[in-house]
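Student: the following block contains a protein sequence and its predicted model.
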Amino acid sequence: MEGLLYIAAVLAAALGTAHSVLGERYILTRLFRRNDLPKLFGGSEFTTRTLRFAWHITTIGWYGFAALLVHAGRGDLTVSGMLQILGMTFVASGFLPLLLTRGKHLSWLVLFVIGGIALWCAA
């Protein structure tokens with residue numbers, strides 16, 4: 001069974017990578033060439049940055065799931081370990097809106113709080 005969990009982890013990580021790379025190349029770049037994107041906060045830059053982080057946050061989530069699968073395969077997944085992985089996944093997710101929207105999309109704050117609570121409870 002552990003081998004199957006490792007395969008699932010590799011597939012989850014590969015899917016996340018493919019989602020980001022192929023989505024950026026074939027969907028986002030084509031979408032951002034359009035002239036009719038909504039103009040929020042004075043222009044379409046906020047819109048494109050928000051769509052970009054929303055697209056790539058999925059990949060971070062799948063990497064977190066892959067880490068959970070690896071630990072489950074090793075048989076050492078504890079509640080504390082699970083909370084650490086979840087906390088780090090939420091904190092990593094928070095950096096996307098913080099950096100890509102320059103803090104204008106306030107989801108980074110909520111993601112950091114969730115990650116911080118999970119990490120604090122893991123200790």
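Tutor: Perfect, thanks for sending it.
Student: could I get the contacting residues of the nearest residue to residue 4 once chain neighbours are set aside?
Tutor: Spatial nearest neighbour of residue 4, excluding adjacent residues (C-beta to C-beta, 6 or more residues apart in numbering): residue 73 at 7.9 Å. All C-beta spots, glycine's among them, are computed from the backbone N, C-alpha and C. When contacts are counted by C-beta atoms under 8 Å, 6 or more residues apart in numbering, residue 73 touches 1, 2, 3, 4, 5, 6, 9.
Student: from residue 118, how far off is residue 73?
Tutor: Residue 73 sits at a distance of 21 Å from residue 118 (criterion: C-beta to C-beta, to the nearest Å).
Student: any idea how far residue 44 is from the residue located most distally from the centre of the chain?
Tutor: When distances to the mean C-alpha position of the chain are computed (C-alpha atoms, centre = their mean), the maximum falls on residue 35, with 27.6 Å. Plainly put, residue 35 is 9 Å away from residue 44 if you go by C-beta to C-beta.
Student: for residue 104, give me phi and psi.
Tutor: Here is the backbone geometry of residue 104 (degrees, to the nearest 10): phi -70, psi -30.
Student: pretty sure it contacts residue 41?
Tutor: Yes - using C-beta atoms under 8 Å, residue 104 is in contact with residue 41, at 6.2 Å.
Student: pLDDT weak spots in the chain?
Tutor: Judged against pLDDT under 70, the chain has no low-scoring part.
Student: could you point out which element follows the longest helix that it contains?
Tutor: Counting residues, the longest helix in the chain under DSSP state H turns out to be helix 45-74. Downstream of helix 45-74, the next assigned helix or strand under DSSP states H and E is helix 79-100.
Student: and the contacts of the helix or strand just after that next one?
Tutor: The helix or strand immediately downstream of helix 79-100 is helix 107-122, counting by DSSP H and E. Here helix 107-122 makes contact (C-beta under 8 Å, 6+ apart) with 80-81, 83-84, 86-98, 101.
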